[in-house]
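Engineer: attaching a predicted model along with its sequence, questions to come.
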Amino acid sequence: MQNQNGSVTAGKAIRCKAAVSRIPGEPLVIEEIEVEPPKAWEVRIKILCTSLCHTDITFWKMSTGPFAIFPRIFGHEAVGVVESVGEHVEEVQEGDLVLPVFHPNCRECRDCKSQKGNGCSVFGYRMNPDMPRDATSRFKGMNGEVLHHFLFVSSFTEYSVVDVAHVVKISSEIPVDKACLLSCGVSTGIGAAWKVADIEEGSTVAIFGLGAVGLAVAEGARLRRASKIIGVDLNPEKFEIGKKFGVTDFVNPSTCGQKNVSEVIKEITDGGADYCFECIGLASVMEDAFISNREGWGKTVILGVEMHGTPLALNTYFLLRGKSVTGSLFGGFKPKSDIPLLAEKYLHKELNLDGFISHEVSFQDINKAFELLLEGKSLRCIIWMDH
């Protein structure tokens with residue numbers, strides 16, 4: 001008999017398959033797990049497909065420190081269907097197509113209501129390994145062992161439980177593999193170009209690192225009609241890929257001869273790029289991006305996470321001359337209001353999402369997705385659930 005959720009499994013634990021990470025840097029293991037029903041303010045989602053991001057790789061490799069938490073279910077880019085909801089959840093219901101996102105958006109706090117940023121003062125930037133409200137897990141191994149969450153999403157499982165502050169309802173018209181891309185990397189890059197930099201027509205742009213996030217910045221710059229979009233990457237194959245997203249010029253730091261990257265960019269842009277984006281996560285590259293900006297108004301947007309703890313050293317003289325540096329998390333986007341707009345732009349054939357998907361694998365072959373990303377062969381690999 002179905003309950004008020006309309007789902008025969010609502011209110012009950014679900015047994016399903018998950019790709020569990022038990023040992024840092026070791027292949028994930030497909031196991032049967034138990035997923036508890038959602039508590040108040042929570043949503044249980046049937047994952048349709050997911051993808052792999054460099055952030056997953058970074059935390060998967062961690063063997064020491066406060067964030068090295070195992071066993072764990074990784075994954076934070078995904079799309080799914082609401083299976084059931086807990087008490088007080090009104091904005092989504094059983095059967096809705098949704099994106100689980102790592103960035104919270106409660107819509108009620110001062111930060112969520114402000115147009116000055118995309119923070120959330122209720123949930124903030126917590127990094128606890130489980131659910132955001134009670135810091136407990138909804139996953140268990142078949143022996144009762146607690147399996148930890150990742151970035152409040154944990155999409156490498158057939159079913160996941162996510163707080164409603166991390167759930168975005170989107171149009172069912174968008175293909176699910178394209179929708180999946182909007183839950184992290186692509187939104188981060190496009191948002192950085194539109195919301196954080198606010199690129200205007202005719203601007204010059206330099207992007208350091210042409211992974212999925214960097215290419216999404218290029219796509220955002222293309223849609224804003226930037227006059228020059230310079231891609232900086234050590235992989236020469238990235239230029240041809242970048243052209244699909246509007247990249248007009250390519251700089252390979254290893255082939256600049258006696259010149260450094262900033263000199264080459266200043267030559268191309270006649271004095272420095274209006275906007276520079278660092279999408280790698282190295283302090284030295286962040287400094288290169290800052291130096292490559294134009295004096296007077298050049299703006300550097302940092303998207304990469306510096307995982308080595310290296311401080312950023314800048315010459316304050318150039319700050320006095322008008323250059324600026326800012327950081328960006330999730331591209332400045334407010335997930336619940338901005339992601340649906342990106343979906344609309346794709347449906348209206350304005351936004352290129354198809355080009356980001358380089359590979360597809362089944363859930364059983366999820367470790368192949370790790371291999372492809374580690375080898376630098378994939379942008380986004382869609383991992384299809386075996387429902």
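Structural biologist: Nice, I can see it.

Engineer: keeping just the C-alphas, turn the helix or strand harbouring residue 336 into CSV.
Structural biologist: Assigned by DSSP states H and E, residue 336 falls within helix 335-347. These are the backbone C-alpha positions of helix 335-347, laid out as CSV (Å, rounded to 0.1, in the frame of the first residue of the first chain):
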residue,chain,number,x,y,z
PRO,A,335,21.3,27.2,-7.2
LYS,A,336,17.5,27.2,-6.9
SER,A,337,17.0,30.4,-9.0
ASP,A,338,20.0,30.3,-11.4
ILE,A,339,20.3,26.6,-12.4
PRO,A,340,16.8,26.5,-13.9
LEU,A,341,17.7,29.5,-16.1
LEU,A,342,20.7,27.6,-17.5
ALA,A,343,18.4,24.7,-18.3
GLU,A,344,16.1,27.1,-20.2
LYS,A,345,19.0,28.5,-22.2
TYR,A,346,20.0,24.9,-23.2
LEU,A,347,16.5,24.1,-24.2
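
Engineer: quick one: distance of that helix to the chain centre.
Structural biologist: Centre-to-centre, helix 335-347 and its host chain are 15 Å apart (Cα atoms, centre = their mean, to the nearest Å).

Engineer: in that helix, which residues are buried?
Structural biologist: 335, 336, 338, 339, 340, 342, 343, 346 (16 or more other Cβ atoms under 10 Å). Quick note: C-beta positions are derived from backbone N, CA and C, even for glycine.

Engineer: so what's the third one closest to, chain neighbours aside?
Structural biologist: Nearest residue to residue 338, sequence neighbours excluded (Cβ to Cβ, 6 or more residues apart in numbering): residue 191, at 6.8 Å.

Engineer: list the helices and strands the helix holding residue 336 packs on?
Structural biologist: Where contact means 3 or more Cβ pairs under 8 Å, 6 or more residues apart in numbering; DSSP states H and E, helix 335-347 is packed against strand 167-169, helix 185-191.

Engineer: what's in contact with it?
Structural biologist: Helix 335-347 is contacted by residues 99, 101, 103, 105, 107, 166, 168-171, 173-174, 178-179, 182-183, 186-187, 190-191, 195, 333, 351, 353 when judged by Cβ atoms under 8 Å, 6 or more residues apart in numbering.

Engineer: how about 7 Å then?
Structural biologist: By Cβ atoms under 7 Å, 6 or more residues apart in numbering, the residues outside helix 335-347 that reach it are 99, 101, 103, 105, 107, 168, 170-171, 173-174, 178-179, 182, 187, 190-191, 333, 351, 353.

Engineer: any of those residues buried? List them.
Structural biologist: 99, 101, 103, 105, 107, 168, 170, 174, 178-179, 182, 187, 190-191, 333, 351, 353.

Engineer: pLDDT below threshold where in the stretch 1-150 of the chain?
Structural biologist: 1-6 (pLDDT under 70).

Engineer: tell me the strands in it, going along the chain?
Structural biologist: Along the stretch 1-150 of the chain, counting by DSSP state E, counting those that start in this stretch, strands occupy 14-20, 29-35, 42-51, 77-85, 97-100, 139-141, 146-147.

Engineer: please name every helix or strand in contact with the last one.
Structural biologist: The elements that strand 146-147 packs onto, with contact taken as 3 or more Cβ pairs under 7 Å, 6 or more residues apart in numbering; DSSP states H and E, are strand 139-141.

Engineer: before we move on, back to that, identify each buried residue in the helix or strand following the helix holding residue 336, please.
Structural biologist: Scanning forward in sequence from helix 335-347 by DSSP H and E, the next helix or strand is strand 357-362. For strand 357-362, a neighbour-count test (16+ other Cβ under 10 Å) marks 357, 359, 360, 361 as buried.
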